[in-house]
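Asks: Test case, fold it:
(2 chains)
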Amino acid sequence: NAGVMQNPRHLVRRRGQEARLRCSPMKGHSHVYWYRQLPEEGLKFMVYLQKENIIDESGMPKERFSAEFPKEGPSILRIQQVVRGDSAAYFCASSPAVNTEAFFGQGTRLTVV
Amino acid sequence: GNSVTQMEGPVTLSEEAFLTINCTYTATGYPSLFWYVQYPGEGLQLLLKATKADDKGSNKGFEATYRKETTSFHLEKGSVQVSDSAVYFCALSNPNTGNQFYFGTGTSLTVIP
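Replies: Below you'll find the predicted structure:
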């Protein structure tokens, strides 16, 4: 059973471009979480999704950011018109049910130049 | 609301020293509590967990006890090794408030030979 797979591991974008980050949860996991980690800081919750539904997006900026978890395929975190402040490590985690541990991917490190 | 307060770092210890990293939480109801570890350039890995009061989680020589009376979940290890050098995150998950994970800011541990 493969772990949580995130790709790409590293992504470089110029200011104004779009960044698309992908996350394939562990097999059988229907809960997906996205977190952002800035250098020397902790993890900041962004969004929590179940299949085809956004459950909690309270941590996600209202503009430029969106997330989806379609019935088929990976979860996608999309950042439009990236700015330098978006540079961070973005981690995806999945869990099989509520109130159980989350398993993390290795992250996508986004650099905006 | 839910929150996790974690001991400030960085922490530097000599090999075989005793480790304590303090963690306290605020939550309604009965959250589950976790410790995650992050090695450089990697994602978070679950270290241990406890799902109800007085439970003790343990793994790889690390232990933490869920203390509801003091709302704490301190991480301890009797004899640290150089390979324990990493960042440690305390976290909670609360099904009463949406099941997202709330993380502390992380404590960086460096163990020197």
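Asks: could you say what helices and strands the worst-scoring helix or strand of chain B on mean pLDDT packs with?
Replies: Every helix and strand in chain B was compared by mean pLDDT, DSSP states H and E; the lowest is strand B:101-103, with a mean of 88. Helices and strands touching strand B:101-103, by 3 or more CB pairs under 8 Å, 6 or more residues apart in numbering or on different chains; DSSP states H and E, are strand A:43-50, strand B:3-6, strand B:86-93. The way it works is simple: take the backbone N, C-alpha and C, and place the C-beta from them, glycine included.
Asks: How far away from the center of its chain is the first one?
Replies: Okay, so that is strand A:43-50. 7 Å (CA atoms, centre = their mean, to the nearest Å).
Asks: same check, this time on the shortest one
Replies: Taking the mean of its C-alpha atoms, strand B:3-6 sits 10 Å from the chain's own mean (CA atoms, centre = their mean).
Asks: how about it: buried residues?
Replies: B:4, B:6 (16 or more other CB atoms under 10 Å in any protein chain shown).
Asks: Identify all contacting residues around that strand.
Replies: B:21-27, B:89-92, B:102-107 (CB atoms under 8 Å, 6 or more residues apart in numbering or on different chains).
Asks: Quick one: name whatever helix or strand follows that strand.
Replies: strand B:11-14 (DSSP states H and E).
Asks: still on that earlier bit, can you lay out the helices and strands packed on strand B:101-103 as a markdown table showing distance to B:T71 and mean pLDDT?
Replies: Formatted as a markdown table, those follow (distance: least, CB to CB, whole Å; pLDDT from 0 to 100):
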| stretch | distance to B:T71 | mean pLDDT |
| --- | --- | --- |
| strand A:43-50 | 20 | 91 |
| strand B:3-6 | 10 | 92 |
| strand B:86-93 | 10 | 93 |
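Asks: most tightly surrounded among those strands?
Replies: strand B:86-93 (a mean of 24; mean count of other CB atoms under 10 Å in any protein chain shown).
Asks: which residues touch it?
Replies: Contacts for strand B:86-93 (CB under 8 Å, 6+ apart): A:42-43, A:98-102, B:2, B:4, B:6, B:9, B:21, B:23, B:25, B:27, B:31-40, B:44, B:47, B:73, B:75, B:99-104, B:106-109.
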